[in-house]
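J.: Take this sequence and fold it.
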Amino acid sequence: MAALKSPELHKILETAMYHSLNYPGLYELIRSWIWSFTRYRCHPYLEEPSMVSISPACTSLSLIAAVTVSLSMLSSQVVARADAPVAQSTASVISIDTRVRYRTVEIDGIKLFYREAGPANAPVVVLLHGFPASSFMYRDLIEQLAGQFHVIAPDYPGFGYSDAPSTQAFPYTFDHLADIIEKFTDRLGLDQYALYMQDFGGPVGFRLASRHPERVSSLIVQNANAYEEGLPDSFWKPARTLWQDPSQANFDKIREAAMSDQALEWNYTHGVKEPARVNPDSWVLQRTLVNRPGNKDIMLALLYDYRANLDQYARWHEYFRKHQPPILIVWGKNDIIFPAEGASAYLRDLPRAELHLLDTGHFALEDKGDEIARLMLDFFDRKLPRR
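T.: Below is the predicted model of the structure:
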């Protein structure tokens, strides 16, 4: 089928939108549909929806889809008005509720907080956050995905708005975090899902995937390490010293190095070309949460347990080789914590992995969120089974 030229599509879209002005509420509904179809497929850097600013080089499929939906919606309203003199509500037109819900669920006596958005019957994407972050890091990505996917982002125990029992009352290990998140997915009835993993999300997510490979439809890896190459001594030497000698003095060094106010800000701004684009809300919120009584002890317990992840690498690599899950790697190449060598290492066991090294740092979503969302939507279109 010959693709329509972009100006021809624009003319059709403008006609549909012009005629929709006669039907209360339909104009904005069509406009939002067009925008959702085109934003991340055609021009990911647009800040406002604008029909005239869509690149002529854009692939026509997304625009054709927008035209089809728009004209279908318009014609259905015209027929409805012709058949019945009573004004038709736009509620009769199919729309997608992408608003985020903020929920809690109790797992093993722990109140777990999570963010949820998107259609309940859509393919599921579970977002697993890093250190010492929370589901807040996914606030924008959730909305970018929710038009097509059922998106769920939990806070681990001790993080974000979930309960944070003391280290005496709750064993803070990655095995235990994975147990809790596995029970969380069971409670929500998530029998299949894609996993997005950043930083600490890797050790949690890879445990889930290697335990239940049949549940994981695909993997999105963003600065989440699974190889020795990703743990350079230039950054990890103090942690390795702690792992070998868990003395109070070594714990105190890590406490200051990892959780001082300066360190929390540095996590977000290092490696970023334009730090002014990074929202300070992220590290200000983290600063507030980690300074709760006992919370730094929780973080230290997990940083000490991080050594156990290295023992899991061989198991995860075997999972990669045996099951070859579809995988998209989006990695801030300027990350000092997990450098780009850790990203490239995945290709040894997953030769079909799609690797994108981005010109940013550890929390790549902060300044490359639109680009990552576009890459994810394209990847999911090709790899994720539809319901």
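J.: before we move on, could you check phi and psi at Val216?
T.: phi -100, psi 110 (degrees, to the nearest 10).
J.: next one: Glu318
T.: Phi and psi for Glu318, reported as degrees, to the nearest 10, are phi -60, psi -40.
J.: what about it, distance to Ala209?
T.: Taking C-beta to C-beta, to the nearest Å as the measure, Glu318 falls 12 Å from Ala209. Placement of C-beta: from N, CA and C, glycine included.
J.: what about those two, which has more around it?
T.: With neighbours defined as other C-beta atoms under 10 Å, Glu318 and Ala209 compare such that Ala209 has more, 21 against 12.
J.: Could you pull up the contacting residues of that one?
T.: Listed by C-beta atoms under 8 Å, 6 or more residues apart in numbering, the contact set of Ala209 reads Leu195, Arg215, Val216, Leu219, Trp316, Tyr319, Pro325.
J.: In strands, which of the residues you listed fall?
T.: Leu195, Val216, Leu219 (DSSP state E).
J.: Please identify which of those is nearest to Thr360.
T.: Leu219 (20.1 Å; C-beta to C-beta).
J.: Quick one: neighbours of that closest one, just the number.
T.: Number of residues near Leu219 (other C-beta under 10 Å) recorded here: 24.
J.: Could you do Ser247 as well?
T.: Per other C-beta under 10 Å, the neighbour tally for Ser247 reads 11.
J.: Which pLDDT does the model give it?
T.: Listed pLDDT for Ser247 reads 97.
J.: Please give me every residue in contact with the residue lying closest to Leu112 once chain neighbours are set aside.
T.: Among residues not flanking Leu112 along the chain, Ser162 sits closest, at 5.0 Å (C-beta to C-beta, 6 or more residues apart in numbering). Taking C-beta under 8 Å, 6+ apart, we find Ser162 in contact with Thr104, Ile110, Lys111, Leu112, Phe113, Pro154, Asp155, Tyr156.
J.: Surely the fifth one is in contact with Tyr156?
T.: No: with contacts counted by C-beta atoms under 8 Å, Phe113 stays clear of Tyr156, the gap being 9.7 Å.
J.: mind showing which ranges of the stretch 1-150 of the chain have poor pLDDT?
T.: For the stretch 1-150 of the chain, residues meeting the criterion pLDDT under 70 lie at 1-94.
J.: Any of the contacts of Ser162 buried? List them.
T.: Taking 16 or more other C-beta atoms under 10 Å as the criterion, what is buried in the contacts of Ser162 is Ile110, Leu112, Phe113, Pro154, Asp155, Tyr156.
J.: farthest-separated two in the contacts of Ala209?
T.: Arg215 and Trp316, at 15.6 Å, using C-beta to C-beta across the contacts of Ala209.
J.: Skip the chain neighbours and tell me the closest residue to Arg352.
T.: Gln324 (6.8 Å).
J.: Please read off the pLDDT at that neighbour from the model.
T.: Per-residue confidence at Gln324 stands at 98 (pLDDT).
J.: could the buried ones among the contacts of Ser162 go into a markdown table alongside distance to Leu357?
T.: Formatted as a markdown table, those follow (distance: C-beta to C-beta, whole Å):
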| residue | distance to Leu357 |
| --- | --- |
| Ile110 | 37 |
| Leu112 | 34 |
| Phe113 | 33 |
| Pro154 | 28 |
| Asp155 | 29 |
| Tyr156 | 28 |
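J.: possible to save those residues as TSV with secondary structure and distance to Lys368?
T.: Shown next, in TSV, are the buried ones among the contacts of Ser162 (DSSP: H, G, I helix; E, B strand; the rest coil; distance: C-beta to C-beta, whole Å):
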residue	secondary structure	distance to Lys368
Ile110	strand	33
Leu112	strand	29
Phe113	strand	26
Pro154	strand	23
Asp155	coil	23
Tyr156	coil	24
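J.: ok now stretch 361-374, how far from the chain's centre?
T.: The chain centroid and the centroid of stretch 361-374 are separated by 10 Å under C-alpha atoms, centre = their mean, to the nearest Å.
J.: tell me the domain ranges of the protein?
T.: With domains defined by automatic domain parsing, the chain comprises 6-92, 101-383.
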